[in-house]
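J.: quick one, structure for this:
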Amino acid sequence: MSAAIVALINAKGGSGATTIALEVARAIQRGGKQVAIVDGDLSGRRNVAVLLDAVRAFDAERSTSTYSLIEREGMQAVELTDSLDNSFMLRPEDVASVADRLEQGSEVVLLDAPTPFSAALRPLISRASRYVIVVEPNLLGTAAARSLIGDLGKFGVPLGRVWLVTNLRGGRAEISARELEKALGGSVVAEIPPRGERGFARAIETLAKRIAALEPEAPLDSLRPSGATASGPGLGPRRAAFAQSSGLGPAASFLNGSKNGQGRSAPDARERLKAQIYDEVAKRIDVVAASRAHTDNQKIAELRQQINDVTSQILAEHSEQIAVEERAELQQEVMDELLGLGPLEDLMRDPTVSEIMVNGATNIYVERSGKLSLSEKHFKDERHVRTIIERIIAPLGRRIDEASPMVDARLPDGSRVNAIIEPLSLNGSTLTIRRFGSRRLTMDDLLSFGSVSPESVHLLKAMVMSRLNIVVSGGTGSGKTTFLNILSGYIPDGERIVTIEDAAELSLHQNHVVRLESRPPNLEGRGTISIRDLVRNSLRMRPDRIVVGECRGGEALDMLQAMNTGHDGSLTTLHANSPRDAIARLETMVMMAGLELPMRAIREQISGAVDAVVQISRMRDGSRRVTSISEVVGMEGDGVTMQELVRYVQRGVDREGKVIGEFQYTGIQPHYISKFDEAGVTFDVRELAKLAPASSLW
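T.: Residues are numbered from 1 along each chain as shown. So this is what the prediction gives:
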């Protein structure tokens with residue numbers, strides 16, 4: 001028995017090829033033919049395993065560190081790898097063995113193929129009778145399909161082997177099948193309506209019958225671009241895995257030549273030299289260990305030295321071909337690709353960069369001194385971006401895939417990371433890194449920046465030491481977390497502090513600190529531990545103070561109850577544009593807890609729990625200021641009453657565009673001054689009188 005192999009490929013991420021492949025496999029099996037499905041995604045997303053509810057079955061049957069073959073729903077199912085780390089060990093000969101086995105035991109083999117193709121998958125991909133491109137019939141989908149068909153053509157795939165399948169997940173087609181065929185040149189063999197509609201099953205059956213009727217065809221000639229020779233300088237299997245793990249583009253997975261993210265051909269000599277370095281590193285160094293290195297400082301140092309030795313040796317042999325300064329640059333590039341964040345490493349080393357924003361492979365923006373600018377850095381392609389994202393989140397036990405396309409994480413230096421991929425991000429994978437600097441900022445730094453006045457600092461210090469419950473409010477990027485970190489420095493040693501965050505960023509210097517971090521769901525959608533769960537649990541941990549990195553939802557109710565039940569001196573942040581808005585946001589978040597509490601009861605909880613609101617704002621020139629310090633003094637009727645003590649008033653901008661303004665004192669004596677006395681904290685209200693008087697209390 002010899003099977004027809006069919007590769008199903010997404011034109012762009014999230015087009016639905018995996019779901020269609022699985023539904024077609026089921027339909028073929030129901031039709032009486034022996035069928036196999038192969039998960040060819042080497043990033044470790046395990047979509048097929050999840051859709052088949054077979055994660056544990058694959059794990060139990062994994063005979064090597066790479067692929068696993070099981071029987072499921074009357075068909076054979078293969079998972080080539082269960083993680084990004086193990087994918088580096090997958091060899092073409094392993095895949096060839098799987099292909100031979102499936103061809104002999106099945107009549108149809110469906111390959112859920114990734115893009116770009118990995119060299120390790122060549123034995124399966126080159127044998128495909130058809131390449132089925134799943135397209136969303138809109139402008140973005142059509143453009144992605146045209147690019148993919150062009151790539152297939154470069155690898156020697158004739159247009160006659162390409163089929164198009166439209167996935168109408170959006171409910172309607174912006175581009176008709178006829179227009180799609182005219183634009184792309186291929187044949188639309190099926191139009192799949194949204195799942196749940198009556199025509200869905202019929203369309204799957206039609207596609208399944210067409211695929212089941214295919215005959216095996218002669219394999220393509222190694223699936224290589226024209227002009228490359230079989231014995232030429234193609235990548236070996238280990239280098240191919242390395243090329244993929246390093247984010248090299250599809251051409252680099254089969255051949256030395258590659259293009260950069262802006263479509264300009266890189267110098268051949270440089271690329272050949274880099275490919276040779278990757279090959280030698282792959283031969284001498286454990287690739288999997290390299291991918292895990294950033295979790296072990298000692299291992300990093302060892303690997304860095306080994307890579308340096310290999311790179312230096314090869315560069316010395318080619319000293320006449322490359323300038324000295326370019327050698328150092330090339331050596332650093334190799335190191336960044338193998339052990340770091342690729343093109344982002346230079347930006348991470350720049351102390352002036354406070355935020356890095358990756359909008360797809362070719363657009364990387366940075367923030368310096370509060371101002372955004374477009375960097376000259378870029379990734380090679382979308383796969384390169386995804387590889388770096390996986391490298392960041394894998395050690396944290398988090399995942400990002402079509403089922404869970406958003407993730408929050410952190411880097412070892414404490415930098416906050418957010419990533420979002422297709423289909424939610426239409427312009428390619430988006431990665432945002434908010435850096436907190438190698439040196440922790442102090443209140444003295446904020447004073448030197450003009451972010452806060454000395455008189456306000458005295459007041460804030462007294463509030464923290466007197467165990468007032470403080471909410472730090474502000475917009476995105478205003479510096480709330482940084483300011484919370486600085487405020488926490490006034491908490492006396494000897495108190496038990498529990499910090500609770502989505503992605504751990506706070507760095508308290510006290511001796512007795514317990515750090516808790518929430519957990520997202522696992523591959524099976526279970527195991528979620530939310531901020532709210534952690535706040536509830538922290539109450540059983542005998543904390544003196546609870547510090548919640550940010551309140552976003554129902555955990556606000558648990559936080560308020562903690563503040564109201566003996567955990568004075570607690571701190572948290574939230575997003576709001578003013579102190580009054582912060583109170584309104586708290587009311588909304590309490591209602592998100594799902595308890596039908598009357599509004600008056602919610603406001604009584606807030607007025608009894610929150611003592612002060614500190615407002616942080618990002619100004620027009622990119623600087624940050626403490627723009628208001630307000631007290632919550634109780635209830636008046638059904639409303640929470642507040643009084644502002646200190647405010648920042650902007651007067652304009654100077655010739656350099658810097659904001660000009662002054663801190664003002666409203667003249668109101670702090671309502672909680674009696675608590676300062678009770679706590680033995682010295683505070684002289686006359687300090688505030690040194691500020692300019694507020695022209696109005698409104």
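J.: am I right that residue 336 falls within a strand?
T.: No: applying DSSP: H, G, I helix; E, B strand; the rest coil, one finds residue 336 to be helix, outside a strand.
J.: is it true that it touches residue 348?
T.: No: counting by Cβ atoms under 8 Å, residue 336 sits too far from residue 348 to count as a contact (9.3 Å). Just so you know, the C-beta spots here come from the backbone N, C-alpha and C atoms, and that holds for glycine as well.
J.: quick one: residue 628 from residue 676, how far?
T.: Distance, residue 628 to residue 676, using Cβ to Cβ, to the nearest Å: 20 Å.
J.: neighbour count winner among these two?
T.: residue 628 (23 against 19; other Cβ atoms under 10 Å).
J.: now that one, which residues is it bridged with?
T.: For residue 628, the beta-bridge partners under DSSP bridges are residue 615, residue 647.
J.: for the residue lying closest to residue 635 once chain neighbours are set aside, give me its contacts.
T.: In this structure, residue 635 finds its nearest non-sequential neighbour in residue 607, 5.1 Å apart by Cβ to Cβ, 6 or more residues apart in numbering. Listed by Cβ atoms under 8 Å, 6 or more residues apart in numbering, the contact set of residue 607 reads 632, 634, 635, 640, 641.
J.: what strand or helix carries residue 607?
T.: helix 599-609 (DSSP states H and E).
J.: got the CA coordinates for that helix in PDB?
T.: The C-alpha trace of helix 599-609 is given here as PDB (Å, rounded to 0.1, in the frame of the first residue of the first chain):
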ATOM      1  CA  MET A 599     -23.800  50.300  45.200                       C
ATOM      2  CA  ARG A 600     -23.900  51.900  48.600                       C
ATOM      3  CA  ALA A 601     -22.300  48.700  50.100                       C
ATOM      4  CA  ILE A 602     -19.600  48.800  47.500                       C
ATOM      5  CA  ARG A 603     -18.800  52.500  48.200                       C
ATOM      6  CA  GLU A 604     -18.700  51.900  51.900                       C
ATOM      7  CA  GLN A 605     -16.200  49.100  51.300                       C
ATOM      8  CA  ILE A 606     -14.000  51.500  49.300                       C
ATOM      9  CA  SER A 607     -14.300  54.400  51.700                       C
ATOM     10  CA  GLY A 608     -13.400  52.100  54.600                       C
ATOM     11  CA  ALA A 609     -10.500  50.400  52.900                       C
END
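J.: ranges for the helices of the stretch 51-200 of the chain?
T.: 55-61, 84-87, 92-105, 122-125, 139-154, 177-184, 198-212 (DSSP state H, counting those that start in this stretch).
J.: buried stuff in the longest one?
T.: Taking 16 or more other Cβ atoms under 10 Å as the basis for neighbour counts, the residues of helix 139-154 that come out buried are 140, 141, 142, 144, 145, 148, 149, 151, 152, 154.
J.: and for the third one?
T.: Going by neighbour count (16+ other Cβ under 10 Å), the buried part of helix 92-105 is 92, 94, 95, 96, 98, 99, 102, 103.
J.: remind me what that helix packs against, helices and strands.
T.: strand 35-39, strand 75-79, strand 108-113, helix 122-125, helix 237-245 (3 or more Cβ pairs under 8 Å, 6 or more residues apart in numbering; DSSP states H and E).
J.: which of those has the lowest mean pLDDT?
T.: If you rank the helices and strands packed on helix 92-105 by mean pLDDT, helix 237-245 sits at the bottom with a mean of 41.
J.: domains of this protein?
T.: Taking automatic domain parsing as the reference, the chain has its domains at 4-212, 237-340, 345-434, 443-693.
J.: center of the chain - which residue?
T.: Central residue of the chain (Cα atoms, centre = their mean): residue 419, 2.3 Å from the mean position.
J.: tell me the phi and psi of it?
T.: phi -130, psi 140 (degrees, to the nearest 10).
J.: which strand residues bridge it?
T.: As for beta bridges, residue 419 partners with residue 407, residue 431 under DSSP bridges.
J.: surely it touches residue 406?
T.: Yes: contact criterion Cβ under 8 Å: residue 419 and residue 406 qualify, at 7.2 Å.
J.: which stretches of the stretch 351-500 of the chain form helices?
T.: Using DSSP H, counting those that start in this stretch, the helices of the stretch 351-500 of the chain run over 382-393, 443-449, 454-465, 480-488.
J.: residues shared between the contacts of residue 419 and residue 406?
T.: residue 400.
J.: average pLDDT across the helix or strand hosting residue 650?
T.: Following DSSP H and E, one finds residue 650 within strand 639-653. In this model, strand 639-653 has an average pLDDT of 92.
J.: which strands or helices does that strand pack on?
T.: Helices and strands touching strand 639-653, as assessed by 3+ Cβ pairs under 8 Å, 6+ apart, comprise helix 454-465, helix 579-591, helix 599-609, strand 624-636, strand 659-665.
J.: and with 10 Å instead?
T.: helix 454-465, helix 579-591, helix 599-609, strand 612-618, strand 624-636, strand 659-665 (3 or more Cβ pairs under 10 Å, 6 or more residues apart in numbering; DSSP states H and E).
J.: next, the angle strand 659-665 makes with it.
T.: Angle, strand 639-653 to strand 659-665, by axes from the mean of the first three to the mean of the last three Cα atoms, to 10 degrees: 140 degrees.
J.: can I get strand 639-653 in CSV, CA atoms only?
T.: Extracted in CSV, the C-alpha atoms of strand 639-653 (Å, rounded to 0.1, in the frame of the first residue of the first chain):
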residue,chain,number,x,y,z
GLY,A,639,-20.9,59.1,47.5
VAL,A,640,-17.3,58.6,48.4
THR,A,641,-15.8,61.9,49.5
MET,A,642,-12.2,62.8,48.7
GLN,A,643,-9.9,65.8,49.3
GLU,A,644,-6.9,66.7,47.3
LEU,A,645,-3.7,67.6,49.2
VAL,A,646,-1.1,68.2,46.5
ARG,A,647,-1.5,68.7,42.8
TYR,A,648,0.8,69.4,39.8
VAL,A,649,-0.3,72.2,37.5
GLN,A,650,1.2,72.5,34.0
ARG,A,651,1.9,76.1,32.9
GLY,A,652,3.1,75.3,29.3
VAL,A,653,6.3,74.1,27.5
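J.: list the buried residues of it.
T.: 640, 642, 644, 645, 646, 647, 648.
J.: possible to save those as a markdown table with distance to residue 386?
T.: Converted to a markdown table, these look like this (distance: Cβ to Cβ, whole Å):
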| residue | distance to residue 386 |
| --- | --- |
| 640 | 47 |
| 642 | 47 |
| 644 | 48 |
| 645 | 49 |
| 646 | 47 |
| 647 | 46 |
| 648 | 43 |
